[in-house]
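>>> sequence and predicted structure below; questions after.
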Amino acid sequence: MISILKNDLLLKALQGKKVPRPPVWMMRQAGRYLVDFMKLKRKYDFFTRCRNPELATEITLIPVKQLDVDAAILFSDILVVPQSMGINFQMKENEGPFLERPIRSAKSIQKVQVPDVADRLNYVFEAVRLTKQALENSVPLIGFAGAPWTIFCYIVEGKGSKTFDHAKTFCFAQPDQADILLQKITETTINYLLKKAESGVDVIQIFDSWGGLLSPEDYKRFSWQYTRKIVEQISLKVPVIVFAKGCWHALEDMKNSGVSALGIDWTIHPQMARKFTKYTLTLQGNYDPAQLLAPIPQIKKNVQKMIKDFGTQQYIANLGHGILPYTPIDHARAFIETVKEI
């Protein structure tokens, strides 16, 4: 029996159908700006929260209950994929991702596995099933993964970075080996997202947080060609949103890949993004998360202008990146409520 969602605004927007108002959710909406999340953060370490399906479900539902967003996004992390490949990432407090032995040689790449995701990442698929039950068909559930290039950056760099010099240097010095590693990540990610769709997610979002570090030519070479392979496979099962931060130059290429929507950050004007996508594709974004720290009347004014610039159709209201951890919840709520008042 097919379950009917009580709130299907997001799915209609992804299909290009007419909606009474834009759907709205926020990247990283289940995160550190929420008091209830912080209570769990103090009690459980990061990957325990990701690997425990009951905890992941509880965290996923917090913003749905407290902010009344139009979609839930499963609490997890992009690094569960390389972990499943035998790459032992840790999450260091106040430092972020850390890999003791970064992958920087042909020999180390040979050891990287393309795993049985049903076994290695079963906890994620169980979290999907539990979350779908808990949502009771109220809103769609979004599953996600990192783009191969973004995962590659962490694997080769071994930690977070603003420039990922080691990752870029590896691509330029050893492009053939970079391709081997990127292909392994791509294959694993396809298997992972297909299983997520099978488990019940309604939408997939692919995050390419570090695509903007590459030139337009290098983005096509080392990032987009791999992300496109994922989109072509996953879009046969569920709608796919691609969010590639800083990659406005690639919007025209990306629109014909099978994506249902493209997320954009605040560095491109909505009408320019519309022009690049030929006014034919749903766009998502692009409110600067730092602007959520402005006074609430200013937030309302800014959000109204954003929606005027995008238009209310073929549009998903969202941030241009993840919500900042010190954002007051009342300010996040003002963002959501202003969209709903349109």
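That came in fine, so what should we check first?
>>> nearest the middle, which residue of this protein would you pick?
When Cα atoms, centre = their mean is applied to the chain, the residue found nearest the centroid is Phe207 (4.1 Å).
>>> contacts for stretch 171-187 next, please.
Around stretch 171-187, the neighbours that count as contacts under Cβ atoms under 8 Å, 6 or more residues apart in numbering are 81-82, 85, 103, 105-106, 109, 112-114, 148-149, 151-152, 155-156, 170, 218, 222, 226, 229-230. The way it works is simple: take the backbone N, C-alpha and C, and place the C-beta from them, glycine included.
>>> can you give me the neighbour number for Glu136?
Neighbour count of Glu136, defined by other Cβ atoms under 10 Å: 9.
>>> and it, how far from Asp218?
45 Å (Cβ to Cβ, to the nearest Å).
>>> likewise for Thr169?
Per Cβ to Cβ, Thr169 is found 12 Å from Asp218.
>>> of the two, who's got more company?
Legend: neighbour count by other Cβ under 10 Å for Thr169 and Asp218, higher for Asp218 (16 against 12).
>>> okay, the more buried one: pLDDT?
The score at Asp218 is 98. That number is its pLDDT.
>>> now swap in Gln113 and tell me
pLDDT, Gln113: 96.
>>> show me what contacts it?
Taking Cβ under 8 Å, 6+ apart, we find Gln113 in contact with 85-86, 184.
>>> show me how to select, in PyMOL, the buried members of those.
To isolate the buried ones among the contacts of Gln113 in PyMOL, judged by 16 or more other Cβ atoms under 10 Å, type:
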select buried, resi 85+184
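>>> narrow the contacts of Gln113 to those in helices?
Applying DSSP state H to the contacts of Gln113, the entries found in helices are Lys184.
>>> make CSV from the contacts of Gln113 and add pLDDT and distance to His269 to it.
Listed next are the contacts of Gln113 as CSV, based on pLDDT from 0 to 100; distance: Cβ to Cβ, whole Å:
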residue, pLDDT, distance to His269
Met85, 98, 39
Gly86, 97, 43
Lys184, 98, 38
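>>> which of the contacts of Gln113 lies closest to Lys195?
Using Cβ to Cβ, Met85 is the member of the contacts of Gln113 that lies nearest Lys195, at 14.8 Å.
>>> where's the closest one relative to Leu141, distance?
25 Å.
>>> tell me who's in contact with the nearest residue to Arg51 once chain neighbours are set aside.
Closest residue to Arg51 apart from its sequence neighbours, by Cβ to Cβ, 6 or more residues apart in numbering: Tyr123 at 4.8 Å. The contact partners of Tyr123, by Cβ under 8 Å, 6+ apart, come to 50-53, 56.
>>> give me the mean pLDDT for stretch 194-209.
Stretch 194-209 comes out at a mean pLDDT of 98.
>>> count of residues packed around the residue lying closest to His269 once chain neighbours are set aside?
Take His269 and drop its neighbours on the chain: the residue closest to it by Cβ to Cβ, 6+ apart is Asp309, 7.0 Å away. Number of residues near Asp309 (other Cβ under 10 Å) recorded here: 14.
>>> got the phi/psi numbers for Asp309?
In terms of degrees, to the nearest 10, the main-chain angles of Asp309 are phi -70, psi -40.
>>> strand partners (parallel or antiparallel) of the helix or strand bottoming out on mean pLDDT in the chain?
Here the helix or strand of the chain ranked lowest by mean pLDDT, DSSP states H and E is strand 90-92, holding a mean of 90. Paired neighbours of strand 90-92 in the sheet (DSSP bridges): strand 96-98 (antiparallel).
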